[in-house]
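Chemist: below is the sequence, then the predicted model.
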Amino acid sequence: MRSFYYYARYIVARIFYLSLGLKVKKQFLYINKCWNEKNNREPEIFKHTIENKKLNYCERKEISKNSPEYIKPTTKKMLIEQSEKLKERTDLYKRKTSGTTGEPTKIYLNRHELGKLLAVRDYCYRHYNIKLGYREGRVWARSNRDIGTFFKDFLLNRKTFYPTSEEALEQTTSLLKYKPQYLYGYSSLILELSKIIVTNKLEVPQIKCVICTAEPILTSQKVHLESIFSCPVVEEYGSTEFDILAFECRKGHMHQVNPWIKIEVENSTTMITDFSRTTQKIIRYLIGDHFDIAQTQCTLLGSNNIITNLEGRSTDRYAFDKNGTKFHSVELSRSIGKYQKLNDTYFTFHILQKELGKIILYLPYELQEKSTKIRNFIESEITHNTNLKIEIKIIIVQPQEVRKETKKNSYFTQCINT
């Protein structure tokens with residue numbers, strides 16, 4: 001009976017997409033065909049996109065890679081200016097976020113563009129035997145629960161839960177009773193959810209997949225979550241402007257998955273171009289995050305291009321020793337990840353650097369007795385891996401203070417003017 005109900009709700013969600021003119025299935029078949037071209041996959045699809053003159057923007061003209069308009073990057077300010085000109089359009093869909101900088105960003109899409117973004121998501125989900133429209137348990141920040149949001153969530157076959165503050169246990173219990181087919185949400189909140197489940201010895205229903213978004217998550221933490229939920233725990237990387245840009249395959253690679261998007265990294269600057277977008281011109285858009293692009297022979301999902309060393313805001317890419325010598329901030333999170341793996345434990349944390357050579361590490365209060373051991377381990381690992389010395393100061397705080405409510409959690413924040 002439950003299986004029939006789940007299927008019926010899935011059909012309702014897919015019909016809802018069709019009623020809005022969103023041809024998700026058609027675009028999914030196209031994406032699947034594109035990425036199934038095994039030989040030289042990403043360059044072939046990019047070439048195919050150009051040859052078929054998909055470079056139609058607001059002016060409805062083709063723009064070559066060598067034109068000045070292509071070379072000049074698009075800033076967030078330029079994108080906001082474009083959005084202001086479209087806000088009176090009633091035929092467009094709007095996506096919005098405050099962004100990590102607090103600067104509101106609004107994106108306008110026509111039904112063809114939104115359909116493609118949803119189809120990319122559907123393509124990624126099917127890699128783990130789930131589909132867009134399956135019963136979703138969303139582990140998210142608290143929001144206004146008005147009648148419009150409730151109706152939208154019902155049609156999309158999802159329900160939102162917030163497992164923190166004084167309602168944490170109640171929210172967690174409600175989520176488990178909801179019996180979602182998959183979980184989707186902030187990495188730190190899913191970790192909080194798992195902690196409540198273990199502490200209260202709650203029974204977890206069968207779940208197909210846990211998808212972590214918006215925040216980085218360590219490999220050791222994924223392993224921890226997989227032991228609790230008994231299913232794959234994967235990462236996605238995306239943004240409001242483009243939705244999913246990269247998705248983790250079963251082998252752990254973060255593949256580029258949108259065939260209409262080109263990702264470029266030049267001189268530590270990451271730029272995104274969407275060759276399918278006609279409503280807004282998004283050419284070499286400065287997304288504000290930093291990561292590296294590498295090649296893989298893995299053909300399980302999407303492109304041969306994969307994202308590595310994803311560290312969020314570009315300004316938080318490096319930490320510094322007392323002499324101003326920089327090292328990649330990923331070394332800090334990797335050292336903590338190694339500690340967690342060696343000690344078969346996990347915990348939330350945040351790292352802050354305000355002075356050269358000095359690192360502040362925020363840890364939850366239950367680690368107070370182990371703080372010296374953790375500090376010594378990290379300092380030793382950084383010296384061993386970088387030949388640089390840093391001084392770590394540990395501050396013990398309440399768990400909710402490690403991750404500020406309703407805000408995305410980045411492991412490392414650097415506030416030095418260099």
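Modeler: Received the coordinates, thanks. Residues are numbered from 1 along each chain as shown.
Chemist: only C-alpha atoms for contact and neighbour calcs from this point on.
Modeler: OK.
Chemist: what helix or strand is residue 337 on?
Modeler: Using DSSP states H and E, residue 337 sits within helix 330-342.
Chemist: any buried residues in that helix, and which?
Modeler: 330, 331, 332, 333, 334, 335, 336, 337, 338, 339, 340, 341 (16 or more other Cα atoms under 10 Å).
Chemist: can you confirm residue 237 is in a strand?
Modeler: Yes. Looking at residue 237 with DSSP: H, G, I helix; E, B strand; the rest coil, it is inside a strand.
Chemist: any figure for the gap between residue 209 and residue 350?
Modeler: According to Cα to Cα, to the nearest Å, residue 209 stands 26 Å off from residue 350.
Chemist: compare the two (neighbour count), which wins?
Modeler: residue 209 (22 against 19; other Cα atoms under 10 Å).
Chemist: neighbours around residue 266, how many?
Modeler: 8.
Chemist: pLDDT wise, what is it at?
Modeler: On the pLDDT scale, residue 266 is placed at 83.
Chemist: try residue 412
Modeler: Reading off the model, residue 412 has pLDDT 78.
Chemist: which helix or which strand is home to the closest residue to it other than its chain neighbours?
Modeler: In this structure, residue 412 finds its nearest non-sequential neighbour in residue 351, 4.6 Å apart by Cα to Cα, 6 or more residues apart in numbering. Using DSSP H and E, the element containing residue 351 is strand 350-355.
Chemist: centre of the chain versus that strand, how much separation?
Modeler: 23 Å (Cα atoms, centre = their mean, to the nearest Å).
Chemist: buried stuff in it?
Modeler: By 16+ other Cα under 10 Å, the buried positions in strand 350-355 come out as 350, 351, 352, 353, 355.
Chemist: turn these into JSON lines, including distance to residue 259 and pLDDT.
Modeler: Compiled in JSON lines, the buried residues of strand 350-355 are given as follows (distance: Cα to Cα, whole Å; pLDDT from 0 to 100):
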{"residue": "350", "distance to residue 259": "35", "pLDDT": "84"}
{"residue": "351", "distance to residue 259": "35", "pLDDT": "88"}
{"residue": "352", "distance to residue 259": "37", "pLDDT": "88"}
{"residue": "353", "distance to residue 259": "38", "pLDDT": "89"}
{"residue": "355", "distance to residue 259": "43", "pLDDT": "90"}
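Chemist: now do the same contact list for the residue nearest to residue 416 when sequence neighbours are not counted.
Modeler: Distances taken as Cα to Cα, 6+ apart put residue 354 closest to residue 416, at 5.4 Å, once the chain neighbours are dropped. For residue 354, the contact set (Cα atoms under 8 Å, 6 or more residues apart in numbering) comprises 414, 415, 416.
Chemist: please save the CA atoms from the helix holding residue 337 in PDB.
Modeler: Provided in PDB are the C-alpha atoms of helix 330-342 (Å, rounded to 0.1, in the frame of the first residue of the first chain):
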ATOM      1  CA  VAL A 330      42.200  22.300   2.700                       C
ATOM      2  CA  GLU A 331      45.200  21.100   4.700                       C
ATOM      3  CA  LEU A 332      43.400  22.100   7.900                       C
ATOM      4  CA  SER A 333      40.200  20.300   7.100                       C
ATOM      5  CA  ARG A 334      42.100  17.200   5.900                       C
ATOM      6  CA  SER A 335      44.100  17.000   9.200                       C
ATOM      7  CA  ILE A 336      40.800  17.100  11.100                       C
ATOM      8  CA  GLY A 337      39.300  14.500   8.800                       C
ATOM      9  CA  LYS A 338      42.400  12.300   9.400                       C
ATOM     10  CA  TYR A 339      41.900  12.700  13.200                       C
ATOM     11  CA  GLN A 340      38.300  11.700  13.000                       C
ATOM     12  CA  LYS A 341      39.100   8.700  10.900                       C
ATOM     13  CA  LEU A 342      41.900   7.500  13.200                       C
END
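Chemist: could you give the backbone dihedrals for residue 269?
Modeler: With angles defined as degrees, to the nearest 10, residue 269 sits at phi -110, psi 130.
Chemist: ok, and the closest non-adjacent residue to it?
Modeler: Using Cα to Cα, 6+ apart, the closest residue to residue 269 is residue 290 (6.8 Å).
Chemist: do the same with residue 297
Modeler: Closest to residue 297 by Cα to Cα, 6+ apart is residue 304, at 6.4 Å.
Chemist: same question for residue 358.
Modeler: residue 391 (4.9 Å).
Chemist: kindly report the same for residue 91.
Modeler: Nearest to residue 91 is residue 110, by Cα to Cα, 6+ apart, at 7.0 Å.
Chemist: contacting residues around that neighbour?
Modeler: 91, 92, 93, 279.
Chemist: try it again at 7 Å.
Modeler: Residue 110 sits next to 92, 93, 279 when contact means Cα atoms under 7 Å, 6 or more residues apart in numbering.
Chemist: confirm that the last one sits in a strand.
Modeler: No. Per three-state DSSP, residue 279 lies outside any strand segment and is coil.
Chemist: ok, it to residue 265 distance?
Modeler: 25 Å.
Chemist: quick one: which of the two has more around it?
Modeler: A count of neighbours by other Cα under 10 Å puts residue 279 above the other of residue 279 and residue 265, at 20 against 14.
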